[in-house]
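Undergrad: Turn this into a model:
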Amino acid sequence: MSIKVLGALDVRENDVSVVPTARKPRQVLALLAFHAGQVVAPDWLAEELWGDKPPRTARTTLQTYVLQLRERIAAALEQGGSGGAPRRTAKDVLVTTPGGYLLDSVGGADDVREFENLTQAGYRAMEDGDFAGAARGLREALELWTGPAFADVRAGRRLQEAAEQLEEARLCALDRRIEADLRLGRHRELVAELTVLVNRYPTHESLCGQYMLALERSGRRSEALEAYRRLRTTLVRDLGLEPAAELRRIQRLILTSGPDELPGPE
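TA: Here you go, the predicted structure:
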């Protein structure tokens with residue numbers, strides 16, 4: 001089974017899509033796909049579908065949605081040969097357990113797990129001082145994203161939490177990839193990308209700090225200081241906060257040091 005949630009939902013068996021068009025079965029499949037290989041409790045699925053006010057028929061309705069998903073999986077399984085191995089059934093793929101339901105991808109492709117493996121390898125490379133390897137691995141991880149997680153699913157509470165968790169992981173990987181590129185001296189190439197990012201995330205201090213460093217190292221000190229001023233204005237106005245100590249440190253260094261004296265981001 002192939003599972004993709006880092007963008008539009010795409011779940012395939014034998015390269016045949018098993019994603020339903022109806023909203024609630026689609027939500028059920030999305031939550032099971034995010035937790036592939038793990039048991040998802042019926043209460044979690046009910047909360048995703050109906051929030052704090054599930055109907056009296058919630059358990060029966062949920063079982064109906066599971067049956068609908070199994071029908072789609074069964075149709076996809078019929079299109080694949082067994083290759084000499086015992087043929088799996090829809091119940092082997094979408095498993096009912098005492099604790100709930102489990103989507104068994106049987107070692108297939110899963111973009112969330114692949115993203116996690118690539119980012120962890122990238123972080124280890126950073127710790128080892130292999131900035132080229134870190135930048136390469138983290139870039140590969142970020143390329144798995146084709147849009148916001150669950151982009152075409154109308155998310156309830158549980159999927160919204162999952163989407164926020166994934167977005168935070170994506171921003172962390174992006175932050176470390178940019179740090180690796182800065183340490184490799186790619187500041188001029190980063191300016192355009194960071195210009196877009198600081199406009200998209202106007203209160204993200206780490207991205208702003210990286211933008212300031214890239215501008216300063218490109219000989220654009222006044223623009224680096226202006227970026228700090230804009231972020232501080234936004235933080236004070238919208239959140240009532242001053243920039244964190246690390247960003248203030250970068251500003252002081254830009255004011256008092258030459259480009260060659262600036263350290264890499266911590």
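Undergrad: So for E78, what's the pLDDT?
TA: According to the predicted model, the pLDDT of E78 comes to 88.
Undergrad: Would you check how far apart it and R158 are?
TA: In this view, E78 and R158 are 31 Å apart by Cβ to Cβ, to the nearest Å. Bear in mind the C-beta positions are built from the backbone N, C-alpha and C, glycine included.
Undergrad: same question, L182
TA: Distance of L182 to R158, given as Cβ to Cβ: 37 Å.
Undergrad: Repeat that for V18.
TA: Taking Cβ to Cβ as the measure, V18 falls 20 Å from R158.
Undergrad: Mind checking which of those two has more residues around it?
TA: Shown here are V18 and R158; by other Cβ atoms under 10 Å, V18 has more neighbours (24 against 21).
Undergrad: List the residues that contact the more buried one.
TA: Contacts for V18 (Cβ atoms under 8 Å, 6 or more residues apart in numbering) come out as V11, R12, L29, L69, R72, I73, A76.
Undergrad: Leaving out chain neighbours, which residue sits closest to it?
TA: R72 (4.3 Å; Cβ to Cβ, 6 or more residues apart in numbering).
Undergrad: do the same with R113
TA: A36 (7.7 Å).
Undergrad: And that neighbour, which helix or strand is it part of?
TA: If you go by DSSP states H and E, A36 is not part of any helix or strand.
Undergrad: Could you check the pLDDT of it?
TA: A36 is assigned 94 on the pLDDT scale.
Undergrad: Now it. Its backbone dihedrals?
TA: Main-chain torsions, A36, degrees, to the nearest 10: phi -50, psi 130.
Undergrad: do you know how far it is from R72?
TA: A36 sits 16 Å away from R72, going by Cβ to Cβ.
Undergrad: re the thing from before, pretty sure the residue nearest to R113 sits against Y101.
TA: No - in this structure A36 lies outside contact range of Y101 using Cβ atoms under 8 Å: 11.3 Å.
Undergrad: Now do the helices in the protein.
TA: 23-34, 42-50, 58-78, 90-93, 111-127, 131-142, 157-183, 187-200, 205-217, 221-239, 245-256 (DSSP state H).
Undergrad: Just the buried positions in the last one, please.
TA: Neighbour counts over helix 245-256 (16 or more other Cβ atoms under 10 Å) mark L247, I250, Q251, L253, I254 as buried.
Undergrad: CA-only coordinates of that helix in PDB, if you can.
TA: This file holds the C-alpha atoms of helix 245-256, laid out as PDB (Å, rounded to 0.1, in the frame of the first residue of the first chain):
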ATOM      1  CA  ALA A 245      17.500  36.900  23.100                       C
ATOM      2  CA  GLU A 246      19.000  35.100  20.100                       C
ATOM      3  CA  LEU A 247      17.500  37.400  17.600                       C
ATOM      4  CA  ARG A 248      18.700  40.400  19.600                       C
ATOM      5  CA  ARG A 249      22.200  38.900  19.600                       C
ATOM      6  CA  ILE A 250      22.200  38.600  15.800                       C
ATOM      7  CA  GLN A 251      21.100  42.300  15.600                       C
ATOM      8  CA  ARG A 252      23.900  43.400  17.900                       C
ATOM      9  CA  LEU A 253      26.400  41.400  15.900                       C
ATOM     10  CA  ILE A 254      25.300  42.900  12.600                       C
ATOM     11  CA  LEU A 255      25.500  46.400  14.200                       C
ATOM     12  CA  THR A 256      29.000  45.800  15.600                       C
END
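Undergrad: Compute the inter-axis angle for it and helix 205-217.
TA: Orientation check (axes from the mean of the first three to the mean of the last three Cα atoms, to 10 degrees): helix 245-256 against helix 205-217 gives 10 degrees.
Undergrad: packing partners for helix 245-256?
TA: In terms of contacts (3 or more Cβ pairs under 8 Å, 6 or more residues apart in numbering; DSSP states H and E), helix 245-256 is packed against helix 205-217, helix 221-239.
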